[in-house]
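Trainee: coords below, sequence missing:
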């Protein structure tokens, strides 16, 4: 039986389902024909035309027009006022993290497109109901009564409820649920999604974060998987031992790989930001002073614990954010391309781009201090354990460009992204540092959307970088 990691590495899922439109000649549109697109938005189509007209490099313009609408074109299986279902691409399930991040690039258009706003409201509603099914699950089935269809998750030693596709506990999954609602509110001022079901889901999120502080015991979550990779399972079903500090335990990273030390620092920093966003929603969109106060109190507690336990010193004396710690004084420095990452903290709004501690941390992540930073003949960038050594994730390049303050860095990232698509017109999960023709996941909507988000951002704030040749 092939697990998710093996499937992605082999690229089998897309190969089996690759549509005919994906074999078009160079610079011909790689989007599905209009009649085969899962969801269409006039506002998105206008934005594609507006931004494309500002891009001087023809290949970069082609990649943008293919990639940015990929989530809408191919992954929206259901769109409704109370129920939208958005899959990752080649895996037909909804990941809380991925679906939130996939829809983020379109939020600024929600005010001018009623159907797009409806799609977003439906996804917020689906997220809330999913959390109420199981706040410890990371991925869900379209049918909330169905058992998992994921072959690698069927025999997991954990409590698999109907509707759950995979049950890897990841702090960031619940952060992204809050983030989508907050970003929708900020973009639209529309309070309709924030009903009683949403409010109950938010209370469950805060309760789950409290449980996973594990102040009086390990809490209710258990997970083990029979797999050849140790990153697919947890030691004794709860992970490596920790000393309670006020930080929130995470079983798995946003890559779906198991944490080495359960206090995952980027996820805790994201949790602080998300809890404050929840407090804002509970003060503005759906007034709930008690929940707002509880969210703020927890955010303050985790923030204090981060200051006390979340940093480390590298050889040479540089103080940086650690990637993971255990509360006993042990810490590991690395960075993984999946967001939240250390290098993605400014992009997520967890730190200011000028913050000195974060700048040192990001610089170290993009250096040999990070065991998952790679330099090769084709590119340099950050990968992660999920697909192995020597594999660079375009996501790391995109996030670096979105966080950079200088034109030179952004230009280098754009050029690398343009030149490592293997002439497919899309952004992949990972590519080989020496040969971009070797890559994983031709159909990975999160990376495509994030690339499009970068291009739209540059068109508005640094248009000269798109006009100039790379």
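Mentor: Noted; the coordinates are in hand. All values reported here derive from a predicted model rather than from experimental measurement. Numbers count the residues shown, from 1 in each chain.

Trainee: Output the below-cut-off pLDDT ranges for this protein.
Mentor: 1-25 (pLDDT under 70).

Trainee: please redo it, this time with the cut-off set to 90
Mentor: Applying pLDDT under 90 to the chain flags the ranges 1-27, 468-470.

Trainee: In this structure residue 48 contacts residue 67, no?
Mentor: No - Residue 48 sits out of contact with residue 67 when judged by CB atoms under 8 Å, with a separation of 10.4 Å. In short, each C-beta sits where N, CA and C put it, glycine included.

Trainee: Which of these two has more residues huddled nearby?
Mentor: It is residue 67, of residue 48 and residue 67, that has more neighbours when counted by other CB atoms under 10 Å, with 28 against 20.

Trainee: What residues does the residue nearest to the more buried one when sequence neighbours are not counted make contact with?
Mentor: Distances taken as CB to CB, 6 or more residues apart in numbering place residue 448 nearest to residue 67, at 3.9 Å, with adjacent residues excluded. Counting by CB atoms under 8 Å, 6 or more residues apart in numbering, residue 448 makes contact with 66-68, 70-71, 426-427.

Trainee: Distance of residue 381 relative to residue 53?
Mentor: Residue 381 sits 29 Å away from residue 53, going by CB to CB, to the nearest Å.

Trainee: What segments of the stretch 251-400 of the chain are strands?
Mentor: 263-264, 311-313, 319-321, 324-325, 331-332, 373-375, 380-382, 391-392 (DSSP state E, counting those that start in this stretch).

Trainee: Let me have those in CSV, adding mean neighbour count and distance to residue 142 as columns.
Mentor: Converted to CSV, the strands of the stretch 251-400 of the chain look like this (neighbours: other CB atoms under 10 Å; distance: least, CB to CB, whole Å):
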stretch, mean neighbour count, distance to residue 142
strand 263-264, 28, 29
strand 311-313, 16, 42
strand 319-321, 21, 37
strand 324-325, 26, 33
strand 331-332, 18, 37
strand 373-375, 19, 36
strand 380-382, 23, 32
strand 391-392, 28, 30
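
Trainee: Residue 38 is nearest to which of the ones you listed?
Mentor: strand 391-392 (29.1 Å; CB to CB).

Trainee: partner strands of that closest one, parallel or antiparallel?
Mentor: Take DSSP bridges as the rule and strand 391-392 pairs in its sheet with strand 430-432 (antiparallel).

Trainee: ok, and what's touching the partner strand?
Mentor: With CB under 8 Å, 6+ apart as the test, strand 430-432 has contacts from 337, 376, 378-379, 383, 387, 390-394, 420, 422, 438-441.

Trainee: rerun that using 10 Å as the cut-off
Mentor: Residues from elsewhere that reach strand 430-432, judged by CB atoms under 10 Å, 6 or more residues apart in numbering: 8-9, 337, 374, 376-379, 381, 383-384, 386-388, 390-396, 416, 420-422, 437-441, 444, 447.

Trainee: buried set for stretch 282-302?
Mentor: For stretch 282-302, burial by neighbour count (16 or more other CB atoms under 10 Å) applies to 282-283, 285-286, 288, 291-292, 294-296, 298-299, 301-302.

Trainee: Give me the distance between the residue lying farthest from the centre of the chain and residue 369.
Mentor: Within the chain, residue 316 marks the point farthest from the mean C-alpha position, 32.2 Å out by CA atoms, centre = their mean. Separation of residue 316 from residue 369 (CB to CB): 9 Å.

Trainee: and what of residue 40?
Mentor: In terms of CB to CB, residue 40 sits 46 Å off from residue 369.

Trainee: again, but for residue 117
Mentor: The gap separating residue 117 from residue 369 is 44 Å, by CB to CB.

Trainee: Which residue of the two possesses the greater neighbour count?
Mentor: Higher neighbour count among residue 117 and residue 369: residue 117, with 24 against 18, using other CB under 10 Å.

Trainee: Which helix or which strand is home to the more buried one?
Mentor: Element membership of residue 117, judged by DSSP states H and E, is helix 114-133.

Trainee: what ranges do the helices span in the stretch 1-150 of the chain?
Mentor: 4-10, 12-17, 42-52, 58-67, 70-74, 96-103, 114-133 (DSSP state H, counting those that start in this stretch).

Trainee: closest one to residue 354 among these?
Mentor: Closest to residue 354 of the helices of the stretch 1-150 of the chain, according to CB to CB: helix 96-103, at 24.5 Å.

Trainee: The closest one relative to helix 114-133, how many degrees between them?
Mentor: Comparing the axes of helix 96-103 and helix 114-133 via axes from the mean of the first three to the mean of the last three CA atoms, to 10 degrees yields an angle of 170 degrees.

Trainee: What count of nearby residues applies to the closest residue in space to residue 88 that isn't next to it in sequence?
Mentor: Leaving aside its sequence neighbours, residue 88 sits nearest to residue 98 (CB to CB, 6+ apart; 4.8 Å). Neighbour count for residue 98, taken as other CB under 10 Å: 28.

Trainee: How much space separates residue 134 from residue 174?
Mentor: Per CB to CB, residue 134 is found 11 Å from residue 174.

Trainee: between these two, what contacts are shared?
Mentor: With CB under 10 Å, 6+ apart as the test, residue 134 and residue 174 both reach 204, 208.

Trainee: Between these two, which is the more surrounded one?
Mentor: Neighbour totals were compared for residue 134 and residue 174, and residue 174 leads with 32 against 21 (other CB under 10 Å).

Trainee: so who does the more buried one touch?
Mentor: If you count contacts by CB under 10 Å, 6+ apart, residue 174 has them with 96-97, 127, 131, 135-136, 138, 201-202, 204-206, 208-209, 212, 248, 267, 270-271, 274-275, 278.
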